[in-house]
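J.: Need coordinates for the following:
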Amino acid sequence: MKLFRPSLTWKIGLSLLVLQFLTAGQLSSDSIPVKDTILQAPQVAGTPDGKLVYIFEIRKEIAKPVWRIVQKAFEEATQLKADYILIHLNTYGGMVNIADSIRTRILNSSIPVLVFIDNQAISAGALISIAADSIYMRPGGSIGASTVVSQTGEVVPDKYQSFMRSTMRATAETHGKRRVITNGDTTYVWHRDPKIAEAMVDPLLKVEGIVDSGQVLTLTAEEAIKVGYCEGKAESIKEVLALSGLSGYEVKRHQLTALDSVIQLLLNPIVQSLLILLIIGGIYFELQTPGVGFPLGVAVVGATLYFAPLYLEGLAQNWELIAFALGIVLLALEIFVIPGFGVAGISGIILILLSLTLGVIDNVVFKYEGLSALTNVAKVFARVVLTMFAGLGLSLWLSRKVGTSQLFSKISLGATQETSAGFIGVDMHQKAMIGKTGIAYTVLRPSGRIQVEGELFDAKSEIGYIEKGQSVKVLRDEAGQLYVIKV
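T.: A predicted model of the protein is given here:
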């Protein structure tokens, strides 16, 4: 009897071990996989030397420029065959759609991703952090507060909150569950509890022992470690890598290219306003001079520098560029072809204003913020309109000032070619037309052609536009052109 009981115990124990082996890595009916690749200090303690760690920063508002940097960073890390990617993060949030794109890129990465929260990972920053394999935080830092708000800080309708709740929850779920064996019983515990992620969005959600209903959850470093949302506290990147068990590693940092620096400069609101001044000033001076010359070139360069970085960052769309070009064409038709000032001119001005305004604003802003986005649009529109008026006023002032300035006098011809000295610049026959009357052979807007005594002459209206067929009187002749008024 004494030998039988130990033998039975041994058989039962062996059966339990076999059963545990056969069921290892499987979950209960929820069918959520166990994720055994989460980067934690115990799991990489034996990491061999020579690992390459690729580091890049997100230390600004989550917007299109950040998404562009993230894409380039992941591409470069892949090309370098990096072993780990470390995101040095400090942000108070930003655009939901951009944050969702970044978190998707992290989740789909074949390279393990670590995040070092160097102070704050608020709102969109929390979503990005939760997507990473491991999170490390600076003491005093925080993560959470991911309720979706508008540009004015107002909470947007629940359908947008619902999207954010599900996205936060799903992101936490992707890290799976870990197996816990207690007294021979196997249970599975979320590596990152989805309810905690959801509570960062929904103030009505209560998580026992963590947050009460009526509060949006934000975790400190200590609290995040306690609930599994942080692998450890660190003061620097060096400490983060040490906590991760890495030694003898090589670091490669993402560097902004010259193009990136230029794009960031051109996206500065002050620089954008100066470019609008160039566009308006160039168009104005081009309309005041015959032919195609330097002012038009200035306007084209200004428009290119204004729209190119916006297009590269995904802000300006093709239809906005087409709208700007169409606005210029309609304005030119109104000035040079169509008599009077009507639909074409007004439509051209509206298209130019809208393209300059909407080109600066991400088009998905209306999807997430609806009518509340109009406040942001109105601010940009006001800046564009004020800049255009300033550009027009400056152009008028310069057009009067340039001819009389000392600088201009040094680069212009100052000598007078008198007729008495034998200089004849134009047909003297035109001089005989002064004081005579004729008709407008074409529309004068303000330049065109007139017919006097059966002959055609180039002419310019002294005051306003003159319709075709109207009677005109020749006032004077200057530089081979007659100046006329309506009779």
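J.: show me where pLDDT drops low in the stretch 301-450 of the chain?
T.: 338-341, 362-376, 399-428 (pLDDT under 70).
J.: Repeat the analysis, applying 50 as the threshold.
T.: Within the stretch 301-450 of the chain, the ranges that satisfy pLDDT under 50 run 368, 411-412.
J.: so who does L277 touch?
T.: 302, 387, 390-391, 394 (C-beta atoms under 8 Å, 6 or more residues apart in numbering). Every residue, glycine included, has its C-beta placed from N, CA and C.
J.: So it: helix, strand or coil?
T.: Secondary structure state of L277, per DSSP: H, G, I helix; E, B strand; the rest coil, is helix.
J.: Could you check how far it is from I85?
T.: 42 Å (C-beta to C-beta, to the nearest Å).
J.: just F336 next, same as before
T.: F336 is 57 Å from I85, where distance means C-beta to C-beta.
J.: again, but for K72
T.: 13 Å.
J.: who has more neighbours, these two?
T.: I85 (25 against 15; other C-beta atoms under 10 Å).
J.: Please identify which helix or strand holds that one.
T.: Using DSSP states H and E, I85 sits in strand 84-91.
J.: where along the stretch 1-150 of the chain do the helices fall?
T.: 4-22, 64-79, 96-107, 124-131 (DSSP state H, counting those that start in this stretch).
J.: which one of those has the lowest average pLDDT?
T.: If these are sorted by mean pLDDT, helix 4-22 sits at the bottom with a mean of 41.
J.: Count residues in the vicinity of A303, would you?
T.: A303: 23 neighbours (other C-beta under 10 Å).
J.: Just want the phi and psi numbers for it.
T.: phi -70, psi -40 (degrees, to the nearest 10).
J.: hang on, it packs against G327?
T.: No - the pair A303 / G327 is not scored as a contact, 10.9 Å apart, by C-beta atoms under 8 Å.
J.: where do the helices sit along the stretch 251-400 of the chain?
T.: Under DSSP H, counting those that start in this stretch, the stretch 251-400 of the chain gives helices at 258-266, 269-288, 294-312, 318-336, 343-358, 365-369, 373-401.
J.: Does anything pack onto the third one? Which helices or strands?
T.: Other helices and strands packing on helix 294-312, by 3 or more C-beta pairs under 8 Å, 6 or more residues apart in numbering; DSSP states H and E, are helix 258-266, helix 269-288, helix 318-336.
J.: go on, the longest one?
T.: Helix 373-401 makes packing contacts with helix 269-288, helix 343-358, helix 365-369 when contacts are defined by 3+ C-beta pairs under 8 Å, 6+ apart.
J.: Out of these, which is closest to V380?
T.: helix 343-358 (5.1 Å; C-beta to C-beta).
J.: what angle sits between the closest one and helix 294-312?
T.: 50 degrees (axes from the mean of the first three to the mean of the last three C-alpha atoms, to 10 degrees).
J.: so who does L353 touch?
T.: Neighbouring residues of L353 by C-beta under 8 Å, 6+ apart: 381, 384-385, 388.
J.: And stretch 345-356, what's buried?
T.: 345, 347-348, 351-356 (16 or more other C-beta atoms under 10 Å).
J.: of those residues, closest to A234?
T.: Of all the buried residues of stretch 345-356, A234 sits closest to L356, with 45.4 Å by C-beta to C-beta.
J.: Let me know which of the helices of the stretch 251-400 of the chain is the nearest to V53.
T.: helix 258-266 (21.6 Å).
J.: for that closest one, packing partners?
T.: Judged by 3+ C-beta pairs under 8 Å, 6+ apart, helix 258-266 is in contact with helix 64-79, helix 269-288, helix 294-312.
J.: Can I get the contacts of L353 in TSV including neighbour count and distance to G281?
T.: Shown next, in TSV, are these (neighbours: other C-beta atoms under 10 Å; distance: C-beta to C-beta, whole Å):
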residue	neighbour count	distance to G281
F381	18	20
V384	22	15
V385	14	16
M388	19	10
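J.: Which single one of those is nearest to V298?
T.: Nearest member of the contacts of L353 to V298, counting by C-beta to C-beta, is M388, at 15.5 Å.
J.: Tell me how many other residues surround the spatially closest residue to that closest one that is not a sequence neighbour.
T.: Leaving aside its sequence neighbours, M388 sits nearest to I280 (C-beta to C-beta, 6 or more residues apart in numbering; 5.4 Å). I280 has 23 neighbouring residues, counting by other C-beta under 10 Å.
J.: T257 too?
T.: So T257, with other C-beta under 10 Å, has 10 neighbours.
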